[in-house]
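Novice: Requesting a structural model of the entry that follows:
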Amino acid sequence: MSNSQKSLADKLKGGKPVVTSWIMMSSPGIAEQIGRSGYEAVTLDLQHGQMGLAEAREGIAALTLAGSHPIVRMGVGDLTNASRYLDLGAQAVIAPMINSAIDAKAFADAAKYPPVGERSWGPLRAAQLAGLAPNDYLAQANSETLALAMIETRPALDELDDILAVEGIDGVFVGPSDLSLALSSGAELNPASPDTLEAASRVVKAAKKAGKFAGIFCMTPEDVLAAKAQGFVLMAYGIDMVLVADSVRVALDACGES
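Specialist: Now for the predicted structure:
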């Protein structure tokens, strides 16, 4: 929400593809360095990652000051903290396991101010990081802070159109790993399975039809390119733990230490 650059909301709603890194380690410094190294957006994973609220607070600030859009993937059903991440300056919150329109409405209520939702007032840090007076923050918060519902189960696919119809849900985000488990009834973890790919295609088409946008977690650079071609606009690729390990191997190989 900086006045000096186009917001994440403007980019995604306008159809500009954005690739986000995915942070699982607990160090805000790692998140900052990855943002400074070129990632347009960086997602702090508080569902499966090692971060807590304190690390997320510092990570959001560090990413904002580094010029990278901070996103938070919250824990399952963590509605108590959904607005808190936004209060700390997150520009988008991704909610996992949104399985129904009822789930989506509860999430939107936590993430959006009246008349759209029921978000409680208190974004002093967010306004400060955005360089906005409180009233100016309020005027644009509902449009400039994003609520993304994860689609990763059979019930979510069944209620996809109803989830997308909920006011305050800005877009959806496909979790292909959990989706592959759900579609195979736990038989395989295969984000690239035909059933998973077909479901992902269905999600992005439904989002476009609803006038909203879709994101997806990608396993390879080729997946990112394929997702862009399908119409996804937020692609997660590059887990911090993997990026660090790969960089170490490259450095050691260059030193003849492989």
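
Novice: which stretches of this structure have low pLDDT?
Specialist: By pLDDT under 70, the low-scoring segments of the chain are 1-4.

Novice: For the spatially most central residue of it, list the residues it contacts.
Specialist: Geometric centre of the chain, nearest residue: I94, 4.5 Å, by Cα atoms, centre = their mean. Residues near I94 by Cβ atoms under 8 Å, 6 or more residues apart in numbering: T43, I71, V72, R73, M74, L148, M150, F173, G215. For the C-beta atoms, the positions are set from N, CA and C on the backbone; glycine is no exception.

Novice: same check, this time on A95
Specialist: Contacts for A95 (Cβ under 8 Å, 6+ apart) come out as M74, D78, A82, D103, F107, A147, L148, A149, M150.

Novice: Tell me the one of these nearest D161?
Specialist: A149 (12.4 Å; Cβ to Cβ).

Novice: ok, back up a step: helix, strand or coil for the residue nearest to the centre of the chain?
Specialist: The local conformation at I94, judged by DSSP: H, G, I helix; E, B strand; the rest coil, is strand.

Novice: In strands, which of the contacts of A95 fall?
Specialist: Under the assignment DSSP state E, the contacts of A95 contribute A147, L148, A149, M150 to strands.

Novice: And those, which is closest to S193?
Specialist: M150 (18.1 Å).

Novice: distance of that closest one from G67?
Specialist: In this view, M150 and G67 are 26 Å apart by Cβ to Cβ, to the nearest Å.

Novice: One more: N99?
Specialist: N99 sits 35 Å away from G67, going by Cβ to Cβ.

Novice: Please apply the same query to M235.
Specialist: 19 Å.

Novice: Settle it for me: which of those two has more neighbours?
Specialist: Between M235 and G67, M235 has the larger neighbour count (other Cβ atoms under 10 Å), namely 22 against 12.

Novice: which residues of the stretch 151-258 of the chain fall in strands?
Specialist: 171-174, 213-217, 234-239 (DSSP state E, counting those that start in this stretch).

Novice: Take those and write them to TSV, including distance to D162.
Specialist: Below are the strands of the stretch 151-258 of the chain laid out as TSV (distance: least, Cβ to Cβ, whole Å):
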stretch	distance to D162
strand 171-174	12
strand 213-217	16
strand 234-239	22
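
Novice: closest to V116 out of those?
Specialist: strand 171-174 (14.9 Å).

Novice: which helices and strands does the closest one pack with?
Specialist: strand 146-151, helix 160-164, helix 194-209, strand 213-217 (3 or more Cβ pairs under 8 Å, 6 or more residues apart in numbering; DSSP states H and E).

Novice: let's see 10 Å
Specialist: helix 8-13, strand 92-95, strand 146-151, helix 160-164, helix 194-209, strand 213-217, strand 234-239 (3 or more Cβ pairs under 10 Å, 6 or more residues apart in numbering; DSSP states H and E).
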